[in-house]
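Asker: just coords:
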């Protein structure tokens, strides 16, 4: 990280955050574009009681990046690392622009590459210099083990983590978990990596049409809102719940997948996710109320 002095300084003294905080990041550059699933999953996980710090950026390889969707929904993205603890404590989640921690890296790479690069394996997680307990990184590549090991090498202070990817068809991959296709995970525990695989070969054509990336920011934002609604389209809610459950079980290693899925589903069905959205709309990223 020596090429970015700002990042080196932050990594030498990471921003303190509450216990059980998970860094949530993604590589982007999928060969099948979904709506902003990881952003929705972070919100649902936070509504379920998990502390989340999620990096954001504008679009590189799709119509809408996380920053674009948050802006159209009126949800705050922080530009001051010092405010992360306040937001995590108050709301359970903080969205922070990657460039805040690593301006030189961002100037070189943000918006310049619409394809997966070696940096995609490690930088999205490693650049979020907060004292998290765990990370969940989505990767649009099958080598999740290398990514987990690389993140551990860059951030040995983070004891646990998980890197996920799903191949949902020939030449089609997303940097998230999905209920269809072949999902691979590399689960990191104190330097040791365990590989997991789940495969479901049911036809997924109708599902793909529902979860695909939309043509404008407002439509992608609307899909995110619907995915968190108690009566949302099942295809949208299912993929968000699956990824929110992965965040929850990564934060709390004693919570298994089925229990985590039950907990995040309850947070959606009882309206907690919707209430969190409302509270965040009244939060100011600039420190005023």
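Answerer: Happy to help now that I have it. All values reported here derive from a predicted model rather than from experimental measurement. Numbers count the residues shown, from 1 in each chain.
Asker: how close does residue 32 get to residue 194?
Answerer: Distance of residue 32 to residue 194, computed by C-beta to C-beta, to the nearest Å: 27 Å. C-beta coordinates here come from the backbone N, C-alpha and C atoms, glycine included.
Asker: neighbour-wise, which of those two wins?
Answerer: residue 32 (19 against 12; other C-beta atoms under 10 Å).
Asker: that one against residue 172, yeah?
Answerer: Yes - under the criterion of C-beta atoms under 8 Å, residue 32 makes contact with residue 172 at 4.0 Å.
Asker: the closest residue to residue 199 other than its chain neighbours sits in which helix or strand?
Answerer: Of all residues not flanking residue 199 in the chain, residue 182 sits nearest, at 4.7 Å (C-beta to C-beta, 6 or more residues apart in numbering). Residue 182 is part of strand 181-189, with elements assigned from DSSP states H and E.
Asker: elements contacting that strand?
Answerer: helix 144-154, strand 160-169, strand 192-200 (3 or more C-beta pairs under 8 Å, 6 or more residues apart in numbering; DSSP states H and E).
Asker: out of those, deepest packed?
Answerer: Of all these, strand 160-169 carries the top mean neighbour count, a mean of 24, counting by mean count of other C-beta atoms under 10 Å.
Asker: direction included, what does that one pair up with?
Answerer: Paired neighbours of strand 160-169 in the sheet (DSSP bridges): strand 134-138 (parallel), strand 172-174 (antiparallel), strand 181-189 (antiparallel).
Asker: and the strand holding residue 182 with strand 192-200, angle?
Answerer: Relative orientation of strand 181-189 and strand 192-200, computed by axes from the mean of the first three to the mean of the last three C-alpha atoms, to 10 degrees: 160 degrees.
Asker: and strand 181-189, what's buried?
Answerer: Within strand 181-189, the residues scored as buried using 16 or more other C-beta atoms under 10 Å are 181-188.
Asker: please apply the same query to stretch 70-78.
Answerer: For stretch 70-78, the neighbour count (16+ other C-beta under 10 Å) marks 70-73, 75-78 as buried.
Asker: identify the farthest-apart pair in those.
Answerer: Farthest apart among the buried residues of stretch 70-78 by C-beta to C-beta are 72 and 78. That separation is 17.3 Å.
Asker: among the helices and strands packed on strand 181-189, which is nearest residue 270?
Answerer: Nearest to residue 270, of all the helices and strands packed on strand 181-189, is strand 160-169, at 26.4 Å by C-beta to C-beta.
Asker: quick check: mean pLDDT of that closest one?
Answerer: Taken as a whole, strand 160-169 carries a mean pLDDT of 95.
Asker: how far is it from where the chain is centred?
Answerer: Between the centre of strand 160-169 and the centre of its chain there are 12 Å (C-alpha atoms, centre = their mean, to the nearest Å).
Asker: cool, stretch 40-52 as well?
Answerer: Mean C-alpha position of stretch 40-52 versus that of the full chain (C-alpha atoms, centre = their mean) differs by 10 Å.
Asker: again with stretch 184-191
Answerer: For stretch 184-191, the distance to the chain centre is 16 Å (C-alpha atoms, centre = their mean).
Asker: which residues touch it?
Answerer: Contacts with stretch 184-191, where a contact means C-beta atoms under 8 Å, 6 or more residues apart in numbering, come from 142, 144-145, 147-149, 151-152, 156, 159-166, 177, 193-197, 246, 253.
Asker: rerun at 10 Å
Answerer: With contact meaning C-beta atoms under 10 Å, 6 or more residues apart in numbering, stretch 184-191 is reached by 134-137, 139, 141-149, 151-153, 156, 158-167, 177, 193-199, 246, 249-250, 253.
Asker: pull the helix or strand with minimum mean pLDDT from this protein.
Answerer: Least confident helix or strand of the chain, by mean pLDDT, DSSP states H and E, is helix 103-109 with a mean of 64.
Asker: residue boundaries of the helices in this protein?
Answerer: Listed in chain order, the helices of the chain (DSSP state H) span 5-12, 37-47, 66-73, 84-91, 98-101, 103-109, 123-126, 144-154, 205-211, 217-227, 234-251, 257-269, 272-281.
Asker: show me which residues of the first one are buried.
Answerer: If I follow you right, that is helix 5-12. Residues of helix 5-12 classed as buried: 6-7, 10-11 (neighbour count, 16+ other C-beta under 10 Å).
Asker: from the contact counts, what lies against that helix?
Answerer: Under the contact criterion of 3 or more C-beta pairs under 10 Å, 6 or more residues apart in numbering; DSSP states H and E, helix 5-12 touches helix 98-101, helix 103-109, helix 123-126.
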